[in-house]
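1. Provided below are the primary sequence and the corresponding predicted coordinates.
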Amino acid sequence: MTKLSVNINKIATLRNARGGNVPDLLKVAADIQKFGGQGITIHPRPDERHIRYKDARDLKSIVYTEYNIEGNPEKSFVDLVLEVKPTQVTLVPDAVDAITSNAGWDTIKHTGFLTEIVQEFQRNGIRTSIFVDPVPAMIEGAKKIGTDRIELYTEAYAHQYGLGNKSGIDPYVKSAILANELGLGINAGHDLSLDNIQFFNQNIPGLLEVSIGHALIAESLYLGLENVVNMYLQKLK
């Protein structure tokens with residue numbers, strides 16, 4: 001069964017919009033796990049506009065499933081991850097001013113840099129994942145870097161699926177087959193939702209984990225958080 005890791009950035013955004021501690025980020029993380037969620041994902045950014053570095057530290061004692069921290073591996077992020085020691089770190093090449101992640105790594109251009117970062121995290125017992133587009137050369141590059149997993153950037157799939165074009169999954173299937181052949185674990189995330197997650201899960205061989213935040217939290221406003229988490233789990237079986 002594919003694991004569901006819930007990204008709680010949007011909970012932090014809502015909290016920060018008003019100040020104070022409502023909604024309580026730590027309680028939400030605890031409840032998501034109680035409802036059956038198999039992991040918690042956060043993506044702190046340098047301006048701390050949603051998840052704060054303090055949140056990353058505080059969540060360490062709350063997350064007993066899988067703790068995944070995403071981000072661009074600049075020095076402050078690397079130092080934070082090495083301090084917190086989550087289950088997994090996902091390296092994402094987002095710019096400082098990016099609203100959300102919008103591209104995978106060029107694993108050929110950045111081989112040296114990423115290899116050094118990956119090795120440092122692995123020496124500290126942290127599983128590594130590299131955010132990539134569904135492009136064979138980028139996946140082969142990730143293998144050379146030595147990462148444990150890749151995370152397939154699924155915005156293009158979600159867009160095509162929404163247009164009724166199910167063939168938009170084809171590059172992802174090919175990428176997953178290649179990753180499996182290379183011995184890389186496969187994660188996926190970005191714009192996955194209740195509408196498109198089941199088809200994706202059914203067609204991607206070896207899919208280990210999906211990280212879902214924006215859609216899940218938005219859907220939860222209508223359906224309730226416990227219901228949505230369990231609806232995802234049913235679709236991922």
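-> Cool, got the structure.

2. show me what the spatially most central residue of the chain is bridged to.
-> Nearest to the mean C-alpha position of the chain, by C-alpha atoms, centre = their mean, lies residue 211 at 4.1 Å. Taking DSSP bridges as the rule, residue 211 bridges to residue 5, residue 189.

3. state the distance from it to residue 178.
-> 21 Å (C-beta to C-beta, to the nearest Å). For every residue, glycine as well, the C-beta is placed using N, CA and C.

4. strands along the protein, start to end?
-> 3-7, 39-42, 67-71, 88-91, 127-132, 149-153, 185-189, 207-212 (DSSP state E).

5. so for the second one, mean pLDDT?
-> Averaged across strand 39-42, the pLDDT comes to 98.

6. where does the protein have low pLDDT?
-> Flagging of the chain using pLDDT under 70 yields the residue ranges 95-102.

7. if you set the cut-off to 50 instead, what comes out?
-> 99 (pLDDT under 50).

8. ends of stretch 209-229, what's the gap?
-> 14 Å (C-alpha to C-alpha, to the nearest Å).

9. identify each buried residue in it, please.
-> For stretch 209-229, burial by neighbour count (16 or more other C-beta atoms under 10 Å) applies to 209-217, 219-220, 225, 228-229.

10. from what I see, the residue nearest to the centre of the chain and residue 3 are in contact.
-> No: using C-beta atoms under 8 Å, residue 211 is not in contact with residue 3; the gap is 9.4 Å.

11. where do the helices of this protein begin and end?
-> 9-18, 25-34, 53-59, 75-84, 111-123, 136-145, 155-162, 170-182, 197-203, 214-223, 225-236 (DSSP state H).

12. for those, give me a markdown table that also has distance to residue 94.
-> Shown next, in a markdown table, are those (distance: least, C-beta to C-beta, whole Å):
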| stretch | distance to residue 94 |
| --- | --- |
| helix 9-18 | 12 |
| helix 25-34 | 21 |
| helix 53-59 | 16 |
| helix 75-84 | 11 |
| helix 111-123 | 15 |
| helix 136-145 | 16 |
| helix 155-162 | 13 |
| helix 170-182 | 21 |
| helix 197-203 | 22 |
| helix 214-223 | 14 |
| helix 225-236 | 24 |
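
13. go through the ones you listed and name the closest to residue 46.
-> Closest approach to residue 46 among these is made by helix 75-84 (6.6 Å; C-beta to C-beta).
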